[in-house]
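1. With the sequence up front, the predicted model follows.
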Amino acid sequence: MKKTLLALAIAAITSVPAYASTAISGGIWMNHGLTTEDTGSDNSERDAQTLGVSNYEALILYVDHQQEASDWQLSAEWRAGSGSFSDSANNSSGDSTGFHKLWVGYNFSADRKVLIGKSRVPFGWKTSNFWGGDMGLGGYADQMDVGVKFSDKQNAISYDLAWYVSDDFGATSTDTMDDNGHWGSSATYRKVNTGVANIGFEFMPGSTIGASYQKGELQDLTGNEPDTDSTFGGHEAWNLWYKGKMGNFTAMAQVFGTQRNDLDQVVSGAADEVKTLRHALSLAYAAGPFNYYIEYTGASTDTKGNKANDMIAFTPGVSYNYGPGWIYAEYLTQSNYINANGDVAGAGAANKDDSRFSAMYLTIDYYF
């Protein structure tokens, strides 16, 4: 589950003459879900009797500041509530509050800038649905990490170079606010010291192909090793992607591979080398205030000893712009899932049985 929004300066715009321009806005969202299938749980039986559960409410605050007569700027998004998509057991605050993004930027030009703080990792693309989330892209889609990112565009070529010191603020947080539960835990490990490179080529108006690569270390959070010797193993991933927009039609596709090493040193029962191959397709059509979309993701494991079948997920949906926000109607169905070690997991002994989940969601947000 996840939702990433642009910082919307909808209201409450304050200007300080000759000094700064500040935009402050806020929003809320809330959801109603009806589970129709959930392996190993009685949620579907419960929801059949109660017609679902209303939950995952959130309050969001956006702050954007542009220093006048200067190229410095600030962008922040803070969330609170059970719908903040934050994991209190593995984040820096210990509750359901936190920063989805928080960065200070310097603009060398309209296309060239550097961001310092918590920003999106430039790796492929993230899904655009609201409640279906990252599905088979888990751990490599809506990543918001802490570090430094440089972005530039030269004619038809755009590129990003980044270095991230950790997943999140704090010494043990593995929380990226949206894409959670796929990078260990505060009691096992997290990713650190990660370099990322991304390049895109717009080969025709509205159509871009690109490639991304990331490589870094892992940090032992078990407490079994001294702080002076806490890094181990490593992780890396590659991605080939496409984004295209033709009139009201939008299409995105990507395929990527992932690998993590030496997880057996900190996670009991984990493999020495965890490898997956993943792919995704996103199609959307906009018609007036409506946007119709369907997204597919798939992941297969290449980890020795893992007998899980492929993870497959679909999310068809429609959103309606009613003015101050959007209303979403979505359906999610998937078999198996991506676990905390970034591998495909199922149910039963040695993942031999499939884990299945299906649900319908109605969501509304409002910005002010």
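-> Received, thanks. Numbering: from 1, shown residues only.

2. Count the neighbours of Gly233 for me.
-> Neighbour count for Gly233, taken as other CB atoms under 10 Å: 19. Backbone N, C-alpha and C define where each C-beta goes, glycine included.

3. correction: Ser109
-> The number of residues packed near Ser109 is 9, by other CB under 10 Å.

4. Check which helix or strand it maps to.
-> Using DSSP states H and E, Ser109 falls within no helix or strand.

5. Could you report the distance from it to Asn180?
-> As defined by CB to CB, to the nearest Å, Ser109 lies at a distance of 35 Å from Asn180.

6. Please apply the same query to Val104.
-> 25 Å.

7. higher neighbour count, the two?
-> Applying other CB under 10 Å to Val104 and Asn180 shows that Asn180 carries more neighbours, namely 26 against 14.

8. In which helix or strand does the more buried one reside?
-> Using DSSP H and E, no helix or strand contains Asn180.

9. from what I can see it touches Asn90, true?
-> Yes: Asn180 is in contact with Asn90 according to CB atoms under 8 Å; the separation is 7.2 Å.

10. where do the contact lists of these two overlap?
-> Thr174 (CB atoms under 8 Å, 6 or more residues apart in numbering).

11. how many neighbours does the nearest residue to Leu34 once chain neighbours are set aside have?
-> Distance criterion CB to CB, 6 or more residues apart in numbering; nearest residue to Leu34, sequence neighbours excluded, is Gly52 at 3.6 Å. Neighbour count for Gly52, taken as other CB under 10 Å: 20.

12. Gly52 and Ala359, how far apart?
-> For Gly52, the distance to Ala359 - CB to CB - is 9 Å.

13. Identify the contacts common to the two.
-> By CB under 8 Å, 6+ apart, Gly52 and Ala359 have these common neighbours: Gly33, Leu34, Thr35.

14. Could you tell me which of those belong to strands?
-> In this view, those that belong to strands under DSSP state E are Gly33, Leu34, Thr35.

15. pretty sure Asp264 belongs to a helix, no?
-> Yes: looking at Asp264 with DSSP: H, G, I helix; E, B strand; the rest coil, it is inside a helix.

16. and it, how many residues sit next to it?
-> Residues lying near Asp264 (other CB under 10 Å) number 14.

17. And for Ala187?
-> 14.

18. repeat for Arg190
-> Other residues within reach of Arg190, judged by other CB under 10 Å, total 23.

19. Does the host helix or strand of it pack against any helices or strands, and if so which?
-> Per DSSP H and E: Arg190 is located in strand 189-204. Using 3 or more CB pairs under 8 Å, 6 or more residues apart in numbering; DSSP states H and E, the elements in contact with strand 189-204 are strand 144-154, strand 157-166, strand 207-220, strand 231-246.

20. Can you show me the CA trace of the shortest one as CSV?
-> These are the backbone C-alpha positions of strand 157-166, laid out as CSV (Å, rounded to 0.1, in the frame of the first residue of the first chain):
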residue,chain,number,x,y,z
ILE,A,157,19.0,12.9,-22.1
SER,A,158,18.1,13.1,-18.4
TYR,A,159,20.1,11.5,-15.6
ASP,A,160,20.4,11.2,-11.8
LEU,A,161,23.4,10.4,-9.6
ALA,A,162,22.7,9.7,-5.9
TRP,A,163,24.3,8.5,-2.7
TYR,A,164,22.0,7.4,0.2
VAL,A,165,23.4,6.8,3.7
SER,A,166,20.3,5.0,5.0
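
21. in stretch 213-226, what's buried?
-> Residues Gln214, Gly216, Glu217, Leu218, Gln219, Asp220, Leu221 are the ones in stretch 213-226 that count as buried (16 or more other CB atoms under 10 Å).
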